[in-house]
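Student: this one's sequence-less:
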């Protein structure tokens, strides 16, 4: 084991590589190079790229948990889900390819998983069946992941070509015959408003299913 190399330091360096170059550039070798060591020096802490990604994903979830500690519950479990969705999206957006990188990773820190227990207990105590709670959290997570993947891909494409998703350029290509199709392009302009609107639809559906 190389002195001065820690799992926390490795994760921090991996996030730096991700932000600078994207998910495809994140390898044990590239992270080692950023730390100024050879790749074998990292294998004491992470055995390969998947384990590295798992540690990165765990750190992101740790930050989500930290954000949610400041959430004051209204007593409505659906409001808690909205807060969770917002915190998850915010953390994904902090990093290039965030949703694509961190979705599906294994949480390696039991404390991060245990932090869910008070929320789940509160919801079940409020009369929400456990199966409904579990399905609802998975659905909201899936919505956030899909939304942010698309959001980040469009933003990154627009960096290279600012006119790529211009609704006015799209209007010009469409012509006047399809006003509703044109309007749909303008409806995408505000990501935050679109996220809140679509999340609201998801939450409303969960509420109906749960009878809330």
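Tutor: Looks like it arrived, so ask away. All figures in this text were calculated on a predicted structure; none of them were measured in a lab.

Student: going forward, measure contacts between C-alpha atoms and count neighbours the same way
Tutor: Will do.

Student: Mind jotting down where the helices sit in the chain?
Tutor: With DSSP state H as the criterion, the chain has helices at 7-21, 28-35, 49-68, 77-93, 98-102, 110-114, 117-125, 130-160, 167-174, 179-186, 191-210.

Student: do you know how far the most centrally placed residue in the chain is from residue 66?
Tutor: The chain has residue 92 as the residue nearest its centroid, 3.6 Å off, counting by Cα atoms, centre = their mean. Distance from residue 92 to residue 66, counting by Cα to Cα, to the nearest Å: 14 Å.

Student: Show me how the chain divides into domains.
Tutor: As recorded under automatic domain parsing, the domains making up the chain are 1-47, 57-210.

Student: As a markdown table, the helices of the chain with distance to residue 42 and mean pLDDT would be great.
Tutor: Formatted as a markdown table, the helices of the chain follow (distance: least, Cα to Cα, whole Å; pLDDT from 0 to 100):
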| stretch | distance to residue 42 | mean pLDDT |
| --- | --- | --- |
| helix 7-21 | 8 | 95 |
| helix 28-35 | 7 | 95 |
| helix 49-68 | 10 | 95 |
| helix 77-93 | 25 | 96 |
| helix 98-102 | 20 | 94 |
| helix 110-114 | 22 | 96 |
| helix 117-125 | 33 | 93 |
| helix 130-160 | 29 | 93 |
| helix 167-174 | 47 | 86 |
| helix 179-186 | 47 | 88 |
| helix 191-210 | 38 | 94 |
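
Student: circling back to that earlier point, need the nearest residue in space to the residue nearest to the centre of the chain, chain neighbours excluded.
Tutor: Once flanking residues are discounted, residue 92 sits nearest to residue 98: 4.4 Å by Cα to Cα, 6 or more residues apart in numbering.

Student: ditto for residue 164
Tutor: Counting by Cα to Cα, 6+ apart, residue 158 is the residue found nearest to residue 164 once chain neighbours are left out, at 5.9 Å.
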